[in-house]
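Asker: predicted model, plus sequence, below.
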Amino acid sequence: MALRDILILPDKRLRQVSEPVRKIDAGIRKLVEDMLETMYDAPGIGLAAIQVGAPKRVVTLDLAKKEEPKSPLIFINPEIVWSSQEKATYEEGCLSIPEYYGDVERPAQVKVKYLDLEGAAKELEANGLLATCLQHEIDHLNGILFIDHLSKLKRDRVLKKFTKAAKRSAE
Ligand code: K1U
Ligand code: ZN
């Protein structure tokens, strides 16, 4: 296993649309292992492959609390096949936008179809934080960041702050 660097706003790769996984081979299994290690190390409760620079439709999640055993979830080619009319608001964070949080309203329940690491087709109905995280990570696969769900004023402020920081660290 290896830690991979997490891309930080305004890295343009975060805006890429990720490619579906055609074959779950050794490269994909290694990517998943590295994503889990990187997610736990950050620490985070989710990670999309593009956040470590791999434009593949792969997501890892683990919503277990600190004192609970690890409970990793792996989603290959996840797709939302149903969303509720009911909405829920959560304060979201993103490992690619460190130390910035914002309230995002999304469908409260979703049904997601995906492949597991063995290539078996699965469906999961989610609510609460799991539904929010799945939507946040599937957004990443489509080049969408949670700040895109905020007002233009808030988004522009964050973008400006992170662009300045990136310029300073390149000097
Ligand atoms: O996609 C990411 O950048 C991961 C992100 C997932 C997420 C969090 C909250 C709402 C929606 C999606 C994070 O994991 S941010 C870090 C975080 O929330 C957290 C870290 C440690 C313990 C508990 C939460
Ligand atoms: Zn994120």
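Answerer: Great, that's in hand. Ligands and ions are numbered 1, 2, ... in the order given.
Asker: so Asp5 is in which element?
Answerer: Using DSSP states H and E, no element contains Asp5; it sits outside every helix and strand.
Asker: from ligand 1, how far out is the nearest residue to it once chain neighbours are set aside?
Answerer: Using C-beta to C-beta, 6 or more residues apart in numbering and skipping the chain neighbours, the partner closest in space to Asp5 is Val52 (6.9 Å). Yep, even glycine has a C-beta here, placed from its N, CA and C like the rest. With distances taken as C-beta to the nearest ligand atom, to the nearest Å, Val52 is found 11 Å from ligand 1.
Asker: ditto for Glu86
Answerer: 18 Å.
Asker: wait, that residue touches Glu105, no?
Answerer: No - here Glu86 lies out of contact with Glu105, judged by C-beta atoms under 8 Å, at a distance of 10.7 Å.
Asker: what parts of the chain come near ligand 1?
Answerer: Neighbours of ligand 1 within the chain, by C-beta under 6 Å from any ligand atom: 43-48, 90, 92-96, 132-133, 136-137, 140.
Asker: which is the next helix or strand following the stretch of helix or strand Gln135 belongs to?
Answerer: With elements delineated by DSSP H and E, Gln135 resides in helix 128-141, which encompasses its position. For helix 128-141, the succeeding helix or strand toward the C-terminus, using DSSP H and E, is helix 152-170.
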